[in-house]
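In: please work out how this folds:
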Amino acid sequence: MADPIPTSVTQNLPSPYLTGAFTALGERLLPLLSTSAAINTASYAQQVAPETALQQQARGMSGGLGDYQQYLNQAQQYSGPQAYQQFMSPYQQQVMDTTLTEFDRQKQMALAQQQAQAVAGGAFGGAREGVQRAEYGAQTLQDRAALQAQLLQQGFGQAQQAANTAFQQQSGLASLQPQLLSGQIGGLSALGQQQQAQQQAVLDAQANAAKEAAFEPYTRYGLVGQQLTGLAGGFPGQVQTYNPIQPTSPLQNLFGTLAGAGGIAGKVLGKGGIFG
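Out: Numbers count the residues shown, from 1 in each chain. Here you go, the predicted model:
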């Protein structure tokens, strides 16, 4: 046996206000779903800040780190057994000649004084005086040679010291040059990196702003949808009751047809028909 058909149906419908709001939201969202509304991602594509002028300058200066070789080459000229020669004083011979001339003059004066003493003592021309003069002459030559050697040694020592000083100076420059250049390169690189970081921050901010602008409709409608969903429970709904259409059986349809036909026939016959 079939279930009885209810005489009425009751439905709980959402608030008309929310229904209108969701309908309006849907109308706004539909255009965003079309292919023509595709977001241009190139407008917020990630960009890398280019190398700054300071960084380029620092990179260009790095080629000069090998310039220390010129100082090493110069230092090499100041080393070796002959290096002192270029530092010998050009007045060395003049100094020696003047010193030795003065030495000879002093010795001649001393020899004249000895001869005067020998004459005064009555020994001039004697064997004793001759021995004394010979000894004095030999000692004079020895002293003269020692003085000359001392002058030469002094000049050599000064030249050798000057060569060693020049060698140390050039070696120091060879070490100092890359240090100073490296420090300068490092300073320029650091400043350049700071500028590049600032430029990168600007590019990132611009990309983020462009992305926010591109997604603004989706963000705005998404926030509206969240708010409406949250408000749905707070608005009272509406209750609608209606009567469903009752289905009829074939027998009922037949009776209805006959009743209708009988009514029509009665009206016809009663007004001038056979039984009128």
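In: quick one: name whatever helix or strand follows the helix or strand harbouring Ala159.
Out: Element membership for Ala159 (DSSP states H and E) is helix 127-214. Using DSSP H and E, the next helix or strand after helix 127-214 towards the C-terminus is helix 216-231.
In: angle of that next one against helix 127-214?
Out: 60 degrees (axes from the mean of the first three to the mean of the last three CA atoms, to 10 degrees).
In: how about helix 216-231: buried residues?
Out: For helix 216-231, burial by neighbour count (16 or more other CB atoms under 10 Å) applies to 224, 228. C-beta here means a position set from N, CA and C on the backbone, and glycine is covered the same way.
In: what about Ile185, how many neighbours?
Out: Neighbourhood size, Ile185 [other CB atoms under 10 Å]: 19.
In: got it, and Thr101?
Out: 10.
In: on the three-state scheme, it is what?
Out: Under the three-state scheme (DSSP: H, G, I helix; E, B strand; the rest coil), Thr101 adopts helix.
In: what pLDDT does it get?
Out: pLDDT, Thr101: 86.
In: one more: Gly64?
Out: Value for Gly64, per-residue pLDDT: 90.
In: do the one 4 residues further on as well
Out: Tyr68 is assigned a pLDDT of 90 by the prediction.
In: so it sits against Gly172, correct?
Out: No - with contact defined as CB atoms under 8 Å, Tyr68 does not reach Gly172; the gap is 10.6 Å.
In: just give the number of residues close to the closest residue in space to Gln47 that isn't next to it in sequence.
Out: Leaving aside its sequence neighbours, Gln47 sits nearest to Leu203 (CB to CB, 6 or more residues apart in numbering; 4.6 Å). Under the neighbour criterion other CB under 10 Å, Leu203 is assigned a count of 15.
In: repeat for Ala190
Out: 13.
In: show residues contacting the helix or strand harbouring Asn73.
Out: Secondary structure from DSSP H and E places Asn73 in helix 69-77. Helix 69-77 is contacted by residues 83, 86, 166-167, 170-171, 173-174, 177 when judged by CB atoms under 8 Å, 6 or more residues apart in numbering.
In: just checking, Ala207 touches Ala42?
Out: No - using CB under 8 Å as the test, Ala207 is too far from Ala42 to be in contact (10.6 Å).
In: perfect, I'm done here.
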